[in-house]
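Colleague: for reference, the sequence and a predicted model appear below.
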Amino acid sequence: MMDVVIRNGRVVTPGGVFEGDVGIVEERIAALGEGLRGNAEIDATGCYVLPGAIDPHVHLQMWAGDYRSSDDFASGTIAAACGGTTTVIDFVEPADAEPLLSALAARRAEADGRVAIDYGLHMTIDAWHAARPEELASLPEVVAVGVPSFKIYQAYGRLRLDDVLLHRALRAVALVGALPIVHSENGPLCEELRAEALAHGHIDPCYHALTRPARQEAEAVNRVIDIAALAESPLYIVHVSCADAVARVESARKRGEPVYGETCPQYLTLTADALDGPHGERFICAPPLRSHADQGALWAALAGGALDVLATDHCPFTADEKAGHLDFTTIPGGLPSVEARLSLAYTLGVRAGKLSLERRVEVCCTAPARIFGLARKGHIAPGFDADLVVFDPEAEVLLSADVLHEQVDWTPYEGTSLSGWPRHVFSRGRPIVRDGDYVGQPGWGRFVFRERR
């Protein structure tokens, strides 16, 4: 007798789809089969049963200049849960001269007791820390407390590492068996192009995309791939936005290099034309939105395996925070996507014939768990955490800020009609969404110790 049985659903794994029951005992999946019985039973007839989705790229209550992203750890993880995501990975950004472990403890203090789902953290290595051997020598201590991934930037002022610091940081990360995750844009070139645009009076949001062209993103991707090869380091490229960058990642993979790639819903569904719209300032993010041709290349790469993960880079700011700026360079960058990701991938991916059911589970659930060391998540099998989603493929949702739980008063997907939405969501065996309504409790989520193998 199980504690809970999800009955009569179509269970989706990367390896296939089958009809059956999923039995839960306490926090773990205990059995798969037919005719299972439990103290509580959920009828999933007509629905898919998925592993809880994992979003390895979110920015909750993150400072960006004078602005802080509008979703905090409570609201952002509630929104994630309502969209079928049961684990997120956020970031630690230490200040200059701040020890990495102190920054980690401070970030955990912000999240612990507030998160509605499980979470992990990536540690950021900025230029100050990368330039000091004694700071890089502390990386084993960070890995030892369950943080085996490190964010590195090729852009953004004090965060940006030049090529020498990139090599030092990548080598240090590789030596401790960890994974560097890299924001790849040519920062100095972007700044030069932005200054030229302003000097010519070009201040509108459309110039955000024009001053961060696709080729400079691809150049930065190619450069960090080469430096990582020299450092004998694996590599994970975040938010790949264009066909040129995909080609660089794919070329490295064909050479047998351990390079992973991620893209996001905004690059699969929106284009740079949005920057010319009546609220173009809302659509500023980095890298910027690209072209329809880039969209097609990203879908093909996600389906074919050249890209591994569909994450969100969830970083919301309110309409007022986005509006009223003198020029495009001071608008806080970032878009909200954490709640709609899984359903966008179903409607615009699976239903449109761009992704298989199995591949959607791979890129949203299983691959992020495998790549980032979430050993008991991302898969439906005995012994794994009972993070599960009963997904109703016939549920109709018209996206708007009013129907989403994200703490922001607009959505970039306003008016998008989705066919398919989570009906029930379980986190470690506990129901946190029932019939589409959040029934969980902030503070239920816990920090997940991760270990790469």
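Modeller: Yes, it's here. Just so you know, these numbers come straight off a predicted model, no measurement behind them.
Colleague: what are the ranges of the strands in the stretch 151-300 of the chain?
Modeller: Here the stretch 151-300 of the chain has its strands, by DSSP state E, counting those that start in this stretch, at 179-183, 235-237, 259-263.
Colleague: mind listing the strands for the stretch 351-453 of the chain?
Modeller: Counting by DSSP E, counting those that start in this stretch, the strands of the stretch 351-453 of the chain are 388-398, 417-427, 430-434, 437-438.
Colleague: now do the buried residues in stretch 399-416.
Modeller: Residues of stretch 399-416 classed as buried by neighbour count (16 or more other CB atoms under 10 Å): Leu399, Leu404, His405, Glu406, Gln407, Val408, Trp410, Thr411, Pro412, Tyr413, Thr416. The C-beta positions use only the backbone N, C-alpha and C, and glycine is treated the same way.
Colleague: ok, stretch 31-43 next?
Modeller: Per 16+ other CB under 10 Å, stretch 31-43 contains these buried residues: Ala31, Leu32, Leu36, Gly38, Glu41, Ile42.
Colleague: okay, now the domains of this structure?
Modeller: 2-50+381-395+420-438, 53-372 (automatic domain parsing).
Colleague: counting by contacts, list what the strand or helix carrying Leu32 packs against.
Modeller: Leu32 is part of strand 28-33 when elements are defined by DSSP states H and E. Using 3 or more CB pairs under 8 Å, 6 or more residues apart in numbering; DSSP states H and E, the elements in contact with strand 28-33 are strand 2-13, strand 16-25.
Colleague: how far is the shortest one from where the chain is centred?
Modeller: Read that as strand 16-25. Put simply, strand 16-25 sits 26 Å off its chain's centre (CA atoms, centre = their mean, to the nearest Å).
Colleague: list the buried ones in it?
Modeller: In strand 16-25, counting by 16+ other CB under 10 Å, buried: Gly20, Asp21, Val22, Gly23, Ile24, Val25.
Colleague: show me which of the residues you listed is closest to Asn186.
Modeller: Val22 (47.1 Å; CB to CB).
Colleague: about what we covered before: take the buried residues of strand 16-25 and write them to JSON lines, including pLDDT and distance to Val49.
Modeller: Formatted as JSON lines, the buried residues of strand 16-25 follow (pLDDT from 0 to 100; distance: CB to CB, whole Å):
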{"residue": "Gly20", "pLDDT": "95", "distance to Val49": "9"}
{"residue": "Asp21", "pLDDT": "98", "distance to Val49": "9"}
{"residue": "Val22", "pLDDT": "98", "distance to Val49": "6"}
{"residue": "Gly23", "pLDDT": "98", "distance to Val49": "12"}
{"residue": "Ile24", "pLDDT": "98", "distance to Val49": "11"}
{"residue": "Val25", "pLDDT": "98", "distance to Val49": "17"}
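Colleague: which one of these is nearest Cys364?
Modeller: Val22 (18.0 Å).
Colleague: closest to Arg452 out of the domains of the chain?
Modeller: Judging the domains of the chain by CB to CB, what sits closest to Arg452 is domain 53-372, at 4.6 Å.
Colleague: where exactly do the helices run in the stretch 201-350 of the chain?
Modeller: Applying DSSP state H, counting those that start in this stretch to the stretch 201-350 of the chain gives helices spanning 206-210, 214-231, 243-254, 265-269, 292-304, 319-322, 341-344.
Colleague: can you redo those helices as TSV with distance to Val88 and mean pLDDT?
Modeller: Shown next, in TSV, are those (distance: least, CB to CB, whole Å; pLDDT from 0 to 100):
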stretch	distance to Val88	mean pLDDT
helix 206-210	27	98
helix 214-231	25	98
helix 243-254	24	98
helix 265-269	15	98
helix 292-304	20	98
helix 319-322	22	98
helix 341-344	11	98
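Colleague: where does this protein have its least confident helix or strand?
Modeller: Sorting the helices and strands of the chain by mean pLDDT, DSSP states H and E puts strand 63-64 at the bottom, at a mean of 92.
Colleague: next SSE after it?
Modeller: strand 67-68.
Colleague: next helix or strand past that following strand?
Modeller: Downstream of strand 67-68 (by DSSP H and E), the next one is helix 73-82.
Colleague: rebuild the buried residues of strand 16-25 as CSV, extending it with distance to Val88.
Modeller: Output for those, formatted as CSV (distance: CB to CB, whole Å):
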residue, distance to Val88
Gly20, 29
Asp21, 28
Val22, 23
Gly23, 26
Ile24, 22
Val25, 25
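Colleague: nearest to Glu257 among these?
Modeller: Val22 (37.5 Å).
Colleague: quick one: contacts for that closest one?
Modeller: Val5, Ile6, Gly9, Val11, Ile29, Ala31, Leu32, Leu36, Val49, Ile380, Leu388 (CB atoms under 8 Å, 6 or more residues apart in numbering).
Colleague: contacts only, for the third one.
Modeller: I take that to be Gly9. Glu19, Gly20, Asp21, Val22, Ala44, Thr45, Cys47, Tyr48, Val49, Val390.
Colleague: hmm, 6 Å instead?
Modeller: Shown in contact with Gly9 (CB atoms under 6 Å, 6 or more residues apart in numbering): Ala44, Cys47, Val49.
Colleague: ok, for it, nearest residue in space, not its chain neighbours?
Modeller: In space, and not counting its chain neighbours, Gly9 is closest to Ala44: 3.1 Å by CB to CB, 6 or more residues apart in numbering.
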